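> Predicted model, plus sequence, below.
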Amino acid sequence: MNEKPEKLIDKKGLRLDGRKADELRPVKIEVGILPNADGSAYIEHGKNKILAAAFGPREMHPKHLSRPDRMVLRCRYHMAPFSVGERKSPAPSRREIELSKVIRESLEPAVFVEYYPRTGVDVFIEVLQADGGTRCASITAASLALADAGIPMRDIVVACAAGKVEDKVVLDLFDTEDKVGSADVPVAFMPNLNAVTLLQMDGILTPDEFEKAVSMAIDGCKKIYELQKEALKTKYMLLEAEEEVEE
Amino acid sequence: MNEKPEKLIDKKGLRLDGRKADELRPVKIEVGILPNADGSAYIEHGKNKILAAAFGPREMHPKHLSRPDRMVLRCRYHMAPFSVGERKSPAPSRREIELSKVIRESLEPAVFVEYYPRTGVDVFIEVLQADGGTRCASITAASLALADAGIPMRDIVVACAAGKVEDKVVLDLFDTEDKVGSADVPVAFMPNLNAVTLLQMDGILTPDEFEKAVSMAIDGCKKIYELQKEALKTKYMLLEAEEEVEE
Amino acid sequence: MNEKPEKLIDKKGLRLDGRKADELRPVKIEVGILPNADGSAYIEHGKNKILAAAFGPREMHPKHLSRPDRMVLRCRYHMAPFSVGERKSPAPSRREIELSKVIRESLEPAVFVEYYPRTGVDVFIEVLQADGGTRCASITAASLALADAGIPMRDIVVACAAGKVEDKVVLDLFDTEDKVGSADVPVAFMPNLNAVTLLQMDGILTPDEFEKAVSMAIDGCKKIYELQKEALKTKYMLLEAEEEVEE
Amino acid sequence: MSSLVTRVKLKQIEQLIEKGKRLDGRGLTDYREIKIEQGVIEKAEGSARVLMGKTEVLVGVKIETGTPFPDTPDDGVMTVNAELVPLASPDFEPGPPDENSIELARIVDRGIRESHAIDTAKLCITSGKKVFVVFVDVYVLNHDGNLIDASALAAVAALMNTKMPNYEVKDDEVIIKQGYTPLPMTSHPITVTLGKINDKLIVDPWLEEEQVIDARLTMAFNDDGNICAIQKGCAGYFTQQQILEGMKLAKEKATELRKKLKW
Amino acid sequence: MSSLVTRVKLKQIEQLIEKGKRLDGRGLTDYREIKIEQGVIEKAEGSARVLMGKTEVLVGVKIETGTPFPDTPDDGVMTVNAELVPLASPDFEPGPPDENSIELARIVDRGIRESHAIDTAKLCITSGKKVFVVFVDVYVLNHDGNLIDASALAAVAALMNTKMPNYEVKDDEVIIKQGYTPLPMTSHPITVTLGKINDKLIVDPWLEEEQVIDARLTMAFNDDGNICAIQKGCAGYFTQQQILEGMKLAKEKATELRKKLKW
Amino acid sequence: MSSLVTRVKLKQIEQLIEKGKRLDGRGLTDYREIKIEQGVIEKAEGSARVLMGKTEVLVGVKIETGTPFPDTPDDGVMTVNAELVPLASPDFEPGPPDENSIELARIVDRGIRESHAIDTAKLCITSGKKVFVVFVDVYVLNHDGNLIDASALAAVAALMNTKMPNYEVKDDEVIIKQGYTPLPMTSHPITVTLGKINDKLIVDPWLEEEQVIDARLTMAFNDDGNICAIQKGCAGYFTQQQILEGMKLAKEKATELRKKLKW
């Protein structure tokens, strides 16, 4: 289980899962799949399987957290105990608390928080299976959940990582690359506003490599953005179809 | 300490503590023994020693838990660290949290909750010594604590278990029988309303055995009910005697 | 590290750190060193290094803890993880919770709590390095933090311990003496009111030894009190100097 | 929900039930449509997703090595945990397990444990020292009522789907080898929950019904039709007669449900 | 309690005390009636119940094996815990120990520990590896004031009642044998609490008095009359003179209380 | 702070920044005055105090022995914890770490860990069994903004000041010997934080600026000028161009800051 692979990139420049350096993993997105949430989305990004739901705008509990001039966005990123190799305790880890914060701060620039003063919106993210890059896939899904809930937004937020594996800058690292590779740069992006809303890095990169990684990640974001739009369209087409049937 | 007894029932059909299959352990009940509680009761059921106290009807804390149309009943079942073989941490265990819930739900059908809207009643149960069947003895005592506090009730709740030991359905299992035996069926009962307010089971029973166990447990309840009434009477006779003295 | 010294007091009657029986460790006090606090003080008492800050009088959170007829004093004594030999978890220990209580109760007699009804004052104490006698040094500093915050007070509280080391009553035990010695008697004192506001003891003392220890501790308090007054003066002289410059 | 709405809904549900009908069109003793999907979480040792109407539960099983309990040195360990994650319902809040999730976990646990569904003796690696620990994590993804039956069913389906790592013991060390064997199971407990409204019993109460039922009766049955766990719930009661009636009804439904589990 | 009621009560109590009297008829230096019952929890290794007026405290002692602290490898371990369970007073709430129960536990602990009441060296099984751990659990059943003295007395009485299992060590394993021996004790600390009202000292303040006293002084004494623990409490003060006076008074009362413990 | 005050202050800060000025007189890319003092806590294995303007952070390092993580049996362990103790700011409350202190600790941790500042291989005592554990505790004593840079700088300064006990292993026991050696370090990461206001980048935002900045960008650099950690913060964004600009600015400032660390 813990044997490290000898080569992460083969002679043809292909990665362990057969991808080229700048190739995304397969991404599948569905919008509006949780009946009880105001908005929701499900994403399979590689082997990552993640659910996101949005509740609101609604009254804040506790009340003293509400703000007279804006909506308050809250976010919880949480991993299912069975989502990772060794069972994870369901109590939130320090990592989950940090990620909840940076994910919230990656979504907030897209939301017109001033539209619904005194209210709150809660975004709940559950990672059902993790395979590297969960925070990016979570943002991609959470942003759709917000849109599905009808929260007014400037843009959709989409996220993707690039990184460095065996001296090569590559797109969208999966679990093994993430652990054995030498750097990971998750990026969240608003395509229409050309704005980076999440940027983190661990590992070591030269300034040039970093520049290349950011570019590559943003390109990845743009591709996933197309899938987001399609998923939203599918949902609305289904809705329209239902409405026609009802009429 | 951990040696399992060879036979739980001897050739004469008698159990380890000398009882017949349908015989209760000795039960001793006292009502109104805690000066600071609004109502209280103490029960010795076999070697179980349990105190129950009721506080209320009183203002709820926190207020938002109160209900405009009814009284809220809360219940805490708690074991003293020294009540069991191996010291128990005083922090509530998952078992204690579950039992607090089922005990509350066994008492609530007896209480006229609509009489005191916006108020709360707290029932606190402390198991000082445990010997099998603590939840039943707790209910028997807690119901008297409520009555002693003057909470209006439809009926007294009384509880007793039956179970299966060496292929025989028997009444009121004590600790060793509970652990080594093959099934335990705790039942709470309102004698005048002929209503079962708690029913649980673990172990394995055929449907016929189950039917027999429920009957036997209800018969046990009816016997303990007589002791409850007597304990209440004793308390009130003492009160009257005191009042006469005071006059 | 854990070798116990053979003799705590040498033939000349001197202690491990060269002090005489009734001699204090060096004490250095500064007032008003934390810019964000309403009042603050820093003390080095031997190798103890302790910061105290006072915030208030201010609105209480949560509100229901405020009192209509008085100010509420709260106090937290806390040790930095690196302040002691083996790293201390930052979560408050039972010892820290007890000390927070007795320190609060040693300061409260000096405070005119009736001057600011419905408000609260918080005293926060951080032990940065501990070397025996932290609770006393904490009180000495906390009392100055309150004064520096302008909280109206009857008197300054000052604290010092005496104890028993190798059959001798000595003043102001440091860490090794505290651990190896046979008794420790921390005392807090209001010099002008001649009032003892903290008194604890562990170890074993005869009544005569106890009487002597209390006297010695009070004498120690009086000496530290002079240093407290000087530290306050220094602060106010600095303030006046600043004001003159500003004019 | 306000008590007025509750009373209006109670009235409506009661009137329907008098006629043998339910709000969602089912008969009194019908389950909602049930879908079981196994192996949905490839990285877990076992998993299953159950849809019961709109109620959706995912169960993941993880297997690790650990120490046995002192009083059962030759038995593996099984623990059940349930999370009512907040995306499943506006009524669920993030935080440590409350009494509802603890009760849910313990009912699911009881059904599996008391029926000896898992052959724990086969999970022992070194007596008293090392055994396999089976973590059963119940994850409620959408709450539309009767979480107990959906969770219990998903748990058994996930266990049936669980693969154990092959291993050998060398010098007191456990060495994980290639390949898997199925988790050793000896029974497949099925849990059935009934609700009581107006002295009528209904099967599989959904969310709207749960808000108005007097009381709940949950029974788990073994492969041979014997009872292995019971839990009465809610602040109402059952007569002795209703319990026996309910037991027969639940037994029938358990047989029906068991057919959905292929093995 | 409202501050008005407190002030009225304070006045009343003060006036009585000026005349050497108390609300409940006692003299200033009298304890309330004390009853000690040992062995009330048969399943615990030791136990005692103390009634001090209407204040009621139950202490149970459990003995288990555990590891010694690294710096005292040859000593058994003793821990004291106190629970202010909510049935004892409307002012007690369920939840983790607050500062009051922690202070109570630590005062009781200090009296026992500093007086070397338990001969911990005799609790060592294997140096540095295995020792007996003595859990002293203080359970307050009714709070009518002066919980400290009642708890400390019940703790010592429970320890005197405590039986240790016989054992032998075979191949590094502890084997529990038939029979018991008493817990080895070397002293019997007695704890006495005084209250100060209007510069007068009173013994054993009860609930109504506790609400109005300026300050509290608790002292524990060893069999030989030496002091082994002190704790000043409440937001008031004592003069040096009052402390010495209080010490003499407390010493007398300790001798009196000690007679209630038979050994 | 009320939103009105915030808006007025934002206006004022923006107008100044347009002119290349700041409220406290600094230029846009200036750090506040920095003082570093090492060895301030003699009893800790390492310590350092950093003043960055009025922001004050104390870091203490403790070294203990412990077990390595199973997947890195030959590496010592490093953990970072940050406490926003309440005396540092009226906005800090006592209690367990919140998201701000956790984020702070994790950013400091990342800088040290990813740059391989500590040569953890040299902290291994017995492979897979015993290693040194390095506890880095960040203690914020006064909060006047940019806690990240001050904490990261104090952490590196404290590690540079850290002494490891000499030891030998005898029969599987670690014996601590006389004397110390310095903690083995291979790099000295420097962390630089920028703020964005009105599309302008400023270095080392202090408290008043922090309340109005759109977004925060933190970058850590290794001795050789490579990047070893990044964290974007706050609810705003950066353009790709701003990020690259920011990276160059931060790299320069890191070189400047590094000179303050003597080694």
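Done, it's in. Keep in mind that this is a model prediction, so the values were computed, not measured. Residues are numbered from 1 along each chain as shown, chains lettered A, B, ... in the order given.

> centroid residue for chain D?
In chain D, the centroid-proximal residue (Cα atoms, centre = their mean) is D:Ala152; its distance is 1.4 Å.

> and the nearest residue to D:Arg26 once chain neighbours are set aside, how many neighbours?
Leaving aside its chain neighbours, D:Arg26 sits nearest to D:Arg32 (6.9 Å; criterion: Cβ to Cβ, 6 or more residues apart in numbering or on different chains). (C-beta placed from N, C-alpha, C; glycine too.) Counted with other Cβ atoms under 10 Å in any protein chain shown, the neighbours of D:Arg32 add up to 19.

> Where do the helices of the chain begin and end?
You didn't say which chain, so I picked chain A. All helices of chain A, identified by DSSP state H, fall at A:94-107, A:134-148, A:175-180, A:207-246.

> try chain D instead
D:3-18, D:99-114, D:147-160, D:207-210, D:240-258.

> Quick one: those as a markdown table, columns for mean pLDDT and distance to chain B too.
Output for the helices of chain D, formatted as a markdown table (pLDDT from 0 to 100; distance: least, Cβ to the nearest Cβ, whole Å):
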| stretch | mean pLDDT | distance to chain B |
| --- | --- | --- |
| helix D:3-18 | 82 | 5 |
| helix D:99-114 | 98 | 5 |
| helix D:147-160 | 98 | 13 |
| helix D:207-210 | 94 | 14 |
| helix D:240-258 | 97 | 6 |
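
> winner for burial among those helices?
Ranked by average neighbour count under the criterion mean count of other Cβ atoms under 10 Å in any protein chain shown, the helices of chain D are headed by helix D:147-160 at a mean of 28.

> Is any residue of that helix near chain A?
No. Between helix D:147-160 and chain A, judged by Cβ under 8 Å from any Cβ of the partner chain, nothing touches; the nearest distance is 9.1 Å.

> so what does that helix touch, helix or strand wise?
Helix D:147-160 sits against strand D:34-38, strand D:46-52, strand D:55-66, helix D:99-114, strand D:130-142, strand D:190-197, strand D:215-221, with contacts defined as 3 or more Cβ pairs under 8 Å, 6 or more residues apart in numbering or on different chains; DSSP states H and E.

> CSV for those, including distance to A:Gly220?
What follows is the helices and strands packed on helix D:147-160, written out as CSV (distance: least, Cβ to Cβ, whole Å):
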stretch, distance to A:Gly220
strand D:34-38, 30
strand D:46-52, 29
strand D:55-66, 29
helix D:99-114, 38
strand D:130-142, 28
strand D:190-197, 45
strand D:215-221, 49
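
> Flag the shaky bits of the stretch 151-263 of chain D, pLDDT-wise.
Applying pLDDT under 70 to the stretch 151-263 of chain D flags residues D:263.

> Now it against chain F: closest residue?
D:Glu173 (11.0 Å; Cβ to the nearest Cβ).

> quick revisit: report the contact partners of the residue nearest to D:Arg26.
D:24, D:26, D:52-53, D:55, D:204, D:206 (Cβ atoms under 8 Å, 6 or more residues apart in numbering or on different chains).

> now do 10 Å
Contacts here follow Cβ atoms under 10 Å, 6 or more residues apart in numbering or on different chains; on that basis D:Arg32 touches D:24, D:26, D:51-55, D:144-146, D:149-150, D:203-204, D:206.

> again, but for A:Ser100
A:Ser100 neighbours (Cβ under 10 Å, 6+ apart): A:74-78, A:92, A:123-125, A:135, A:138, D:94, F:99, F:102.

> What pLDDT does the model give it?
pLDDT, A:Ser100: 98.

> ok, D:Asn161 touching D:Val136?
No. Contact criterion Cβ atoms under 10 Å: D:Asn161 and D:Val136 do not qualify, at 11.8 Å.

> residues touching the residue nearest to the centre of chain D, list them.
Going by Cβ under 10 Å, 6+ apart, D:Ala152 touches D:50, D:57, D:59, D:80, D:104, D:107-112, D:138, D:189-193, D:218, D:220, D:229, D:257.

> can you do 8 Å?
D:107-108, D:111, D:189-191, D:220.

> just to revisit the earlier point, any idea which of the helices of chain A is most buried?
Among the helices of chain A, helix A:134-148 has the highest mean neighbour count (mean count of other Cβ under 10 Å), at a mean of 28.

> So what angle separates the directions of that helix and helix A:207-246?
Helix A:134-148 runs at 30 degrees relative to helix A:207-246, counting by axes from the mean of the first three to the mean of the last three Cα atoms, to 10 degrees.

> Distance from the chain centre to helix A:134-148, please.
5 Å (Cα atoms, centre = their mean, to the nearest Å).

> cool, and stretch D:230-250?
Distance of stretch D:230-250 from the chain centroid (Cα atoms, centre = their mean) equals 18 Å.
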